[in-house]
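J.: Predicted model and sequence follow; I will ask about them next.
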Amino acid sequence: MGTGSDYCITPGLGLLLHDAGISLRNVLVRAGLPHDLIARGPVRLPSDDYFGLWQGIEEEAADPLLPIRLGNAFSVQAFDPLIFAASCSRNFEIAAERVALFKKLVGPMRLVVQCSDGETTLEFEWPPGITPPTSLAITELVFVVALIRAATRVHVQPIRAAVTSTHCFEPEFHDYFGISLESGSVHSITIATADAKRPFLTVNEGMWATFEPQLRTRLADLTRDSITSDRVRATLLELLPAGDSSIGTVARTMAMSPRSMQRQLRSEGTTFQELLGAIREQLARHYLGRADLTTSDVAFLLGYEDPRSFLRAFSARSGETPGEFRRRTSVVSGIATQSNVR
């Protein structure tokens, strides 16, 4: 069981590392953690194991610009409930308040949001006696910038960014943030209020209404074990790229019988087919955002034997074809880019 002093690891970490070109399996080996850790669904690690995991990421990446590398792989369609809920907000100001409220679900740190004099400042506070790796602290700041840029499609530049380190930072960090990182008493980042109020093009209040009760339930009970639906989602994320998403294979991977798994899912108000459809749609949106993948490639990665089946399923769930989705998101991105140039 986890506690409020543990750090939560979600299946989205595997996807993030994959997109950043970092081997999750090698990271887990370096950290001395079980190779199937992510497949178990959201898990909570004590601080020593969590920082060991981060050290494994640093060693595997062997890249002094690791935070930027992860920031470039960031996606608002990430399968992290907190990031997904933040991206559903109307603007960054609201997103920051929501993340601050539920940050405890990620780990024993606090996110303090302060709004004054045309500025919105986020301060990251770790528990006394815990000093996070500098690259981890910078990654937190990078993700803030990546979120607001991805959600607004505007290259927002923070006013200030500080970490509790006297480390001499590479010039590429200045290029990414648009400002120099400062040394401060707390890890913090400040955004102009005008930018914090920019509309999120990813706003989805209906999705937030769906996620909020789940987040509040998790916040109220950090000690409960991962629910079956979470484990099914994580297992599907592992199995789909291999082309096997059958209920039998998922159940065997989870060491359950298909009947027991379906009974547990019904008690949680969902079904295997509903979870499979939702995961496929979320992954589809992520993959369709990559120009190097054809529609047939995406269909294969999602476990469809026939691309036409993928076309029908995606259209039924989203109301548009994969091609229409790509053109629409490409147009939105192009408009934002032209706006930035002006």
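T.: Done, it's in.

J.: per-residue pLDDT, the spatially closest residue to I57 that is not a sequence neighbour?
T.: Nearest-residue entry for I57: V27, 5.3 Å, with adjacent residues in sequence omitted and distances by Cβ to Cβ, 6 or more residues apart in numbering. (Each C-beta comes from the backbone N, C-alpha and C, glycine too.) V27 carries a pLDDT score of 96 in this model.

J.: contacting residues around V27?
T.: Neighbour list for V27: L17, L53, G56, I57, E60 [criterion: Cβ atoms under 8 Å, 6 or more residues apart in numbering].

J.: Kindly recompute the last result at 10 Å.
T.: 13-14, 17, 33, 37, 53-61 (Cβ atoms under 10 Å, 6 or more residues apart in numbering).

J.: What residues of the helix or strand hosting Q55 count as buried?
T.: Assessed by DSSP states H and E, Q55 sits inside helix 47-61. Residues 47, 49-58, 60-61 are the ones in helix 47-61 that count as buried (16 or more other Cβ atoms under 10 Å).

J.: Pull up the gap between the residue nearest to I57 and Y7, please.
T.: Separation of V27 from Y7 (Cβ to Cβ, to the nearest Å) stands at 15 Å.

J.: Tell me which stretches of the stretch 151-300 of the chain form strands.
T.: Secondary structure of the stretch 151-300 of the chain (DSSP state E, counting those that start in this stretch): strands at 160-163, 182-183, 187-192.

J.: residues making contact with the shortest one?
T.: So the one you mean is strand 182-183. By Cβ under 10 Å, 6+ apart, strand 182-183 touches R160, A161, A162, V163, T164, S165, T166, H167, F169, S188.

J.: Tell me the buried residues within those.
T.: Using 16+ other Cβ under 10 Å as the burial test, the contacts of strand 182-183 include R160, A161, A162, V163, T164, S165, F169, S188 as buried.

J.: Lowest-confidence entry in the contacts of strand 182-183?
T.: Within the contacts of strand 182-183, T166 has the lowest pLDDT, namely 67.

J.: Low-confidence regions, the stretch 51-200 of the chain specifically.
T.: Within the stretch 51-200 of the chain, the stretches with pLDDT under 70 are 77-79, 128-129, 166.

J.: Name whatever forms a beta bridge with E119.
T.: Beta-bridge pairing for E119 (DSSP bridges): S116, A192.

J.: Do I have it right that it meets K197?
T.: No: using Cβ atoms under 10 Å, E119 is not in contact with K197; the gap is 11.8 Å.

J.: When the two are compared, which one has more neighbours?
T.: More neighbours surround E119 than the other of E119 and K197, with 17 against 14 (other Cβ atoms under 10 Å).

J.: Now do the same contact list for that one.
T.: Counting by Cβ under 10 Å, 6+ apart, E119 touches P158, I159, R160, T190, I191, A192, T193, A194, D195, A196.

J.: OK, contacts around L239?
T.: Listed by Cβ under 10 Å, 6+ apart, the contact partners of L239 are A39, S245, S246, T249, V250, T253, G303.

J.: cutoff 6 Å now
T.: Going by Cβ atoms under 6 Å, 6 or more residues apart in numbering, L239 touches S245.

J.: Any figure for the gap between it and A100?
T.: Separation of L239 from A100 (Cβ to Cβ): 35 Å.

J.: cool, and G32?
T.: 33 Å.

J.: More neighbours: which of these two?
T.: A100 (15 against 10).

J.: what's the nearest residue to the more buried one if we skip its chain neighbours?
T.: L111 (4.2 Å).
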